[in-house]
Structure formats: C-alpha cells, structure tokens
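[1] 3D, please:
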Amino acid sequence: MNVLMKNKKNVFYTLIAVLLLIYPFINDSRSMMILFTQVFIFAIFAMSYDLLLGYTGIVSFGHAMFFGIGAYTIGIFMKRFEPTIPYLMLAVLVTIVLTALLSYLVGLLTLRLKSHFYAMLTLAFAGLFLVLAEKWRTMTYGNDGFTFRVPDLFKDRFDFYLICLVSMIVVFILLNRFTNSPLGRVLQAIRENEQRSESLGYSVLQYKIIASVVSGVIAGIAGILYAISLRFVNTSVFTMDITLDALLMTIIGGVGTLVGAIIGAGLIEFAHHWLTELAKVHWIFERWIIFFGIIYILAVMFFPQGIVGTLKSLRTKSLVKRQRNLEPKDKNEKAAG
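    Numbering: from 1, shown residues only. Just a heads-up that it's a prediction; the model follows:
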C-alpha cells in the first residue's frame, strides 16, 4: 500500500513539474512568468526553513541572514567583477562556503539553548548582520543598495524561469532524499523527543548542526536567485520580514512537508500579487495587508496542520475508518466458516 501511494505521489509530482516546464511555451505573459519565478525562489527558501522547523523542531528567527548573504555575495561579485558565468559560479561557491561556516558557528554557539532562547539569539545574529550591512557602505551602499549586471543567460525572463524551476526541483529532490535517509529519520526523532534520542546514544547537537548547515546553504542559494531576479540588493534582505515569509509559507503549506513549503510559497506570492492588483480597482484594497492577514487566519482555522498536513490527516482517518468497517465483515466470515 505504501509503495503504491509513493508511486502515485511521484507520478503526480512529475506531472506538475512537466506542466510547469511547458507553461512558458503556452502562456508568454511576462508578469505571470516573473510571479512564478518568485514562487520558485521563495519555495526554495521555505523548504530550507522547513528542514529546521518541520523536520528538526528548530524555530529560527534569523534565517534571513543566510538569505541575505547569498543576495549580497552575488551582488558584490557582479558589481565589482565582470558579469560572466565563471564569476557567477565563483559567487555561488563563496556563498556555499560562507553560509556553511556561518550556520556551523551559529549552530555551535546557539543550538545548546532550548526553544525560545535559541530563537531570540538567532534574531540577534540576524540583527547584527542587518546593522553591518547598513554601516559598511563602501561594500553594501547601506540602505540605498545598488544595482548590478548579470550574465546574458539570466537576462532573459524565459531562461531565468527555467533556471529557477530546475533549481527548485533539484532542491526538492535532494531534501526529499535527505529527510528520508537514516540521518533525516534521526532529525525527526529529535523533533519528536530530544531526550529519548539522546538516551539512545545520538549526539543531538551534532545532528542539529548538520540540519542547520544544510538549511543555511540552501537559503543562501535562494538569496542568490532572488538578487538576480531583481538585479538589485539592499539591506531589506536581512530584515525579519524575510524570515516571517518563510515561516508563514511553511505553516500554511504544512510543517514537515516539503511539498507544503512549495504550496505555501505559491499561495502567499499569488495572494500578494492579486491583492496588490485589486488596489487598482478599489481604494479599500490599498490596505491589502489586512486582507492578507484575514487569508492567513482563515488558512490556520480551516487547515490547522497546514494544507498538506490536514489533507494527510483526513486521508489517514479515512483509511482507518475503512479498515474498521471491514473488520466486522472479516469476523462474520470467519464465524460462518
């Protein structure tokens, strides 16, 4: 039964990926292509956050610092050097190294703390990077930010759409494999009961640091794509709003489900786009953030476990109910026999 469900799920995911691949050939709307690109980028970021929150049980309020490092690294490289593919790849490599080192150090310093203490300290680290970006004007240009050029391959919106889509698919496959590996199972055990995992001989801190490093690197890659999509970067990439976006996407889609992070990213980005467009129709929609909040409240009320989590729960209840209905029949058949 599990194998059958898994095969159906893989076929469904493949079908969605194929539809997204052929979408720009069917509809060449520039605005929709840009919107989908933003969904793919924030889906990568939300999946990186879900690895912490959903699979390891770590609540971080400073995840934006890894996102911001990726954005500033690509921006600085493209600004100070030639906007070529080799320099872009070098920027990606530097981002991976920086985010891995930073997430390792931050994890080593903070992951010994519990729940809200850890969350507050990560928020402090993110605030430190925000202040650094504001003050180091010779490198970051402060709050004003700076524009930069990108390689020709990334200038075309069609090509960039495909690059972001492929990046999201690759990250999803890698994280899906990671979370279903023995290491991923240990992380989920730590989420469920940290003390019991430690009593079984697992070094909880080391496993948490591994999750933090993987999550930080993927968040940095999302930051790179985000900066390239705008061809501009400023200190907003380090703000709390970026982390809250990832948190909301994860919660709405379903904590502990990578697909939920993608769905959550799509819902929030499309809701933002549509509500902003409605502001042109009637003045009441100019306060679109209020309606955005209402949508979030309704989503939490009707889908308390997130969209994917709630659907899984309903499916499980349906299977249990079906099995209970079959049990009396089996008993009657045995009695008759």
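[2] Neighbours of Val204, how many?
    Other residues lying near Val204 total 18 when counted by other C-beta atoms under 10 Å. Glycine gets a C-beta too; all of them are placed from N, C-alpha and C.
[3] ok, and the closest non-adjacent residue to it?
    Closest residue to Val204 apart from its sequence neighbours, by C-beta to C-beta, 6 or more residues apart in numbering: Glu198 at 5.0 Å.
[4] now what about the helix or strand where the one you found lies, what contacts it?
    Element membership for Glu198 (DSSP states H and E) is helix 194-199. Defining contact as C-beta atoms under 8 Å, 6 or more residues apart in numbering, one finds that helix 194-199 is touched by 57, 186, 189-190, 204.
[5] I'd like the mean pLDDT over it, please.
    Here helix 194-199 scores 87 as its mean pLDDT.
[6] List the buried residues in it.
    194, 197 (16 or more other C-beta atoms under 10 Å).
[7] Name the next helix or strand downstream of it, please.
    helix 204-230.
[8] How far does that next one sit from its chain's centre?
    Counting by C-alpha atoms, centre = their mean, to the nearest Å, helix 204-230 is centred 9 Å from the centre of its parent chain.
[9] Next one, pLDDT for Val259 please.
    Listed pLDDT for Val259 reads 91.
[10] Might one say that it is in contact with Val308?
    Yes: with contact defined as C-beta atoms under 8 Å, Val259 counts as touching Val308 (5.5 Å).
[11] Find the residues that touch each one of these two.
    With C-beta under 8 Å, 6+ apart as the test, Val259 and Val308 both reach Gly253.
[12] How much space separates the residue nearest to Tyr296 when sequence neighbours are not counted from Ser29?
    Nearest non-adjacent residue to Tyr296, counting by C-beta to C-beta, 6+ apart: Leu248, 6.5 Å away. Using C-beta to C-beta, to the nearest Å, one gets 26 Å for the distance from Leu248 to Ser29.
[13] which of these two has more neighbours?
    More neighbours surround Leu248 than the other of Leu248 and Ser29, with 19 against 12 (other C-beta under 10 Å).
[14] element containing the more buried one?
    Here Leu248 is assigned to helix 240-253, by DSSP H and E.
[15] any idea of the angle the helix or strand following that helix forms with helix 240-253?
    Using DSSP H and E, the helix or strand that follows helix 240-253 in sequence is helix 258-278. Helix 258-278 and helix 240-253 are oriented at 120 degrees to each other (axes from the mean of the first three to the mean of the last three C-alpha atoms, to 10 degrees).
[16] Of the contacts of helix 194-199 - the most surrounded one?
    Neighbour counts for these, by other C-beta under 10 Å, peak at Ile190, which reaches 23 neighbours.
[17] quick one: contacts of the helix holding Leu248?
    With C-beta under 8 Å, 6+ apart, helix 240-253 has contacts from 42-43, 45-46, 48-50, 53-54, 60-64, 67-68, 123, 126, 236, 259-265, 267-268, 296, 299-300, 303, 306-308.
[18] any idea of the mean pLDDT in it?
    89.
[19] quick check: angle from that helix to helix 204-230?
    Using the same axes, to 10 degrees: helix 240-253 against helix 204-230 is 110 degrees.
[20] Would you mark the buried spots in helix 240-253?
    240, 242-243, 245-253.
[21] Could you dump the residues you listed into JSON lines and include distance to Ser103?
    Conversion of those to JSON lines gives the following (distance: C-beta to C-beta, whole Å):
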{"residue": "Met240", "distance to Ser103": "18"}
{"residue": "Ile242", "distance to Ser103": "16"}
{"residue": "Thr243", "distance to Ser103": "14"}
{"residue": "Asp245", "distance to Ser103": "19"}
{"residue": "Ala246", "distance to Ser103": "15"}
{"residue": "Leu247", "distance to Ser103": "17"}
{"residue": "Leu248", "distance to Ser103": "22"}
{"residue": "Met249", "distance to Ser103": "20"}
{"residue": "Thr250", "distance to Ser103": "18"}
{"residue": "Ile251", "distance to Ser103": "22"}
{"residue": "Ile252", "distance to Ser103": "25"}
{"residue": "Gly253", "distance to Ser103": "23"}
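[22] where does the residue nearest the centre of the chain land on pLDDT?
    Computing the C-alpha centroid of the chain and ranking residues by C-alpha atoms, centre = their mean puts Ala46 first, at 1.3 Å. Here the pLDDT value assigned to Ala46 is 95.
[23] for Leu52, what are its contacts?
    Here Leu52 is in contact with 58-60, 63, 211-212, 215 (criterion: C-beta under 8 Å, 6+ apart).
[24] Buried members of those residues into PyMOL, please.
    Per 16+ other C-beta under 10 Å, the buried members of the contacts of Leu52 correspond to this PyMOL selection:
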select buried, resi 58+60+63+211+212+215
